[in-house]
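[1] Give me a model of this one.
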Amino acid sequence: MKKRFESFLIIFVVFFMLVSVAVVHAKSSVNKELRLVLASYVPVGYPYFYDVQNLFVDMVNERGRGIVHLDAYFSGTLLKGKELLPGLMAGTADIIIQTSGYLLGTFPFIGFQILPVWEGCIQYNCSQRIGSDLYNLLNEELKKKNFFQLAASGAIFDCIWTKKKLVRKPSDLKGLKIRVPGKVQAMLFQAMGASPVTMASAEIPQALQRGIIDGAAICPWTAKGRGIEEFCKYMTVYAVSYQSTPIYMLRDKWESWPDEVKKLLLEVAVDWEKKVKYFGNNNNALMNDGQLTKDIIPFFEKKGMQAIFLTDEEVNAFVQAAEPVIKCWVNDVGEERGRRALMFIKESLHNKSNGTD
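    Residues are numbered from 1 along each chain as shown. Below is the predicted model:
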């Protein structure tokens, strides 16, 4: 009887130990930190952009200890610009930071982020906040192709840079060969009478030097990093198009991650938006209008360039020149969806003017 009791006790102890080990293992599996790969092609030579994307990674890794960690690869060290979307789909990266122009062929609805339909960067930023009508509409469209935009960084815009000819109105561009970053900008400049030449920003200096192009559409922040002042005499300070570097991932991948991971990434993204976007009362944002007027334009002027500021009449001429391109985008994405996006953009301007944003 005693031996039977001892045998039972041994079996019970062994069973208890096995169950305990299994429970501990299960808990450790549940609580195991999820490591995700983030890739971007934006080089560290663009300090404003690099600071913005690096801040997101730092915020996630600081708050996500034990939950999620981002292994970040910047400056195209993992995937170059054209490789980011294919790399995301292939699983090489879990998250990408990518400019809208590279994605337009696959996701034409993103085109509203590029079109000159905004009254400025503040409106651009307010209307696309996480949870806004425009943000939700965009992700409804992206979901159809298994794509998800977590958040967009602060808006930047393309100005017109020319070697010899001063540009104050669309007709001044007639016959000029102008570098453009993508399809939408090519359509815009073609509508203005220019001959658009699509190329990466890294190719601009050599193309200007060799006379392949007469000027370029490029954002002031990028232009500073590319040394445009060595080749161009004029800078027309007008937002001929817009750009952003949103954070993207595959929708099914996003939905497969644990709830605590998704919750943390969204919370960080909301706080990150507040730090990097200029909303009108956030003068300390990493991307703000003050940089242009207090830093970038004076930099180019000291280098001998002339900054051209347009009158209301001249601005209106550019607005009218862009209308056929905006209509073309609406037709491409569908009348109902395109008009709905433009309506949300218009409403965001109304809210801003009333102080509700």
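[2] and stretch 207-225, which residues are buried?
    By 16 or more other CB atoms under 10 Å, the buried positions in stretch 207-225 come out as 207-208, 213-225. (Glycine included, C-beta is placed from N, CA and C.)
[3] correction: stretch 246-254
    Under the neighbour-count criterion of 16+ other CB under 10 Å, stretch 246-254 has 246-251, 253-254 buried.
[4] Likewise for stretch 166-184?
    Neighbour-count burial for stretch 166-184, with 16+ other CB under 10 Å as criterion, is recorded at 167-170, 172-173, 176-184.
[5] Using the record's assignment, carve this structure into domains.
    The record's domain parsing of the chain by automatic domain parsing lists 30-155+244-276, 156-243+289-353.
[6] With mean pLDDT added, can I get these in TSV?
    Rendered in TSV, the data for those read as follows (pLDDT from 0 to 100):
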stretch	mean pLDDT
domain 30-155+244-276	93
domain 156-243+289-353	93
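[7] Quickly list what the nearest residue to residue 249 once chain neighbours are set aside is bridged to.
    Excluding the flanking residues, the one nearest residue 249 by CB to CB, 6 or more residues apart in numbering is residue 95, at 5.0 Å. With DSSP bridges as the criterion, the beta-bridge partners of residue 95 are residue 38.
[8] Just give me the neighbour total for residue 95.
    By the criterion of other CB atoms under 10 Å, residue 95 has 24 neighbours.
[9] mind listing what it touches?
    For residue 95, the set of contacting residues under the criterion of CB atoms under 8 Å, 6 or more residues apart in numbering consists of 36-39, 70, 88, 150, 247-249.
[10] same deal with residue 118?
    By CB under 8 Å, 6+ apart, the neighbours of residue 118 are 124, 155, 239, 242, 345.
[11] Check these and tell me the two furthest apart.
    The two members of the contacts of residue 118 with the most space between them (CB to CB) are 239 and 345, at 13.8 Å.
[12] Looks to me like residue 126 is in a strand.
    No - secondary structure assignment places residue 126 outside any strand; it is helix (DSSP: H, G, I helix; E, B strand; the rest coil).
[13] give me the number of residues near it?
    Burial measure for residue 126: 20 neighbouring residues, criterion other CB under 10 Å.
[14] And residue 305, by the same measure?
    Other residues near residue 305 come to 19 when the count uses other CB under 10 Å.
[15] and what of residue 195?
    15.
[16] Which residue is the nearest non-sequential neighbour of it?
    Among residues not flanking residue 195 along the chain, residue 177 sits closest, at 4.8 Å (CB to CB, 6+ apart).
[17] For the stretch 1-150 of the chain, which segments are assigned as helices?
    Counting by DSSP state H, counting those that start in this stretch, one finds helices in the stretch 1-150 of the chain at the ranges 2-30, 47-63, 84-90, 100-103, 121-127, 133-143.
[18] Could you verify my assumption that residue 344 touches residue 136?
    No - contact status for residue 344 versus residue 136: not in contact, 9.3 Å apart, counting by CB atoms under 8 Å.
[19] of those two, who's got more company?
    Shown here are residue 344 and residue 136; by other CB under 10 Å, residue 344 has more neighbours (19 against 11).
[20] relative to helix 133-143, how tilted is the helix or strand harbouring residue 325?
    Taking DSSP states H and E as the definition, one finds residue 325 inside helix 312-333. Helix 312-333 and helix 133-143 meet at an angle of 30 degrees, taking axes from the mean of the first three to the mean of the last three CA atoms, to 10 degrees as the criterion.
[21] picking up where we left off before, give me the subset of the buried residues of stretch 246-254 lying in strands.
    Among the buried residues of stretch 246-254, the residues falling in strands (DSSP state E) are 247-250.
[22] Can you add distance to residue 56 and give the residues you listed back as TSV?
    As requested, those are arranged in TSV below (distance: CB to CB, whole Å):
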residue	distance to residue 56
247	7
248	12
249	13
250	18
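[23] Closest one of those to residue 335?
    For residue 335, the closest of those turns out to be residue 248, at 26.2 Å, with distances computed as CB to CB.
[24] Can you tell me how far the closest one is from residue 96?
    Between residue 248 and residue 96 the distance is 5 Å, computed by CB to CB, to the nearest Å.
[25] which residues do those two both contact?
    Residues touching both residue 248 and residue 96 (CB under 8 Å, 6+ apart): residue 88.
[26] ok, which stretches of the stretch 101-250 of the chain are strands?
    Here the stretch 101-250 of the chain has its strands, by DSSP state E, counting those that start in this stretch, at 147-151, 156-162, 177-180, 195-198, 215-218, 234-243, 247-250.
[27] closest to residue 111 out of these?
    Ranked by CB to CB, the member of the strands of the stretch 101-250 of the chain that lies closest to residue 111 is strand 234-243, at 10.2 Å.
[28] What angle do helix 312-333 and the closest one make with each other?
    Using the same axes, to 10 degrees, the inter-axis angle of strand 234-243 relative to helix 312-333 is 30 degrees.
[29] heads up, I number from 51, so please use that
    All right, first residue 51 from here; so that's strand 284-293.
[30] Which secondary structure elements does strand 284-293 sit against?
    The criterion is 3 or more CB pairs under 8 Å, 6 or more residues apart in numbering; DSSP states H and E, and the helices and strands that strand 284-293 contacts are strand 206-212, helix 233-241, helix 347-352, strand 356-358, helix 362-383.
[31] Tabulate these in TSV, adding columns for distance to residue 319.
    Conversion of the helices and strands packed on strand 284-293 to TSV gives the following (distance: least, CB to CB, whole Å):
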stretch	distance to residue 319
strand 206-212	19
helix 233-241	26
helix 347-352	31
strand 356-358	35
helix 362-383	25
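[32] Among the ones you listed, single out whichever gets nearest to residue 132.
    helix 233-241 (13.9 Å).
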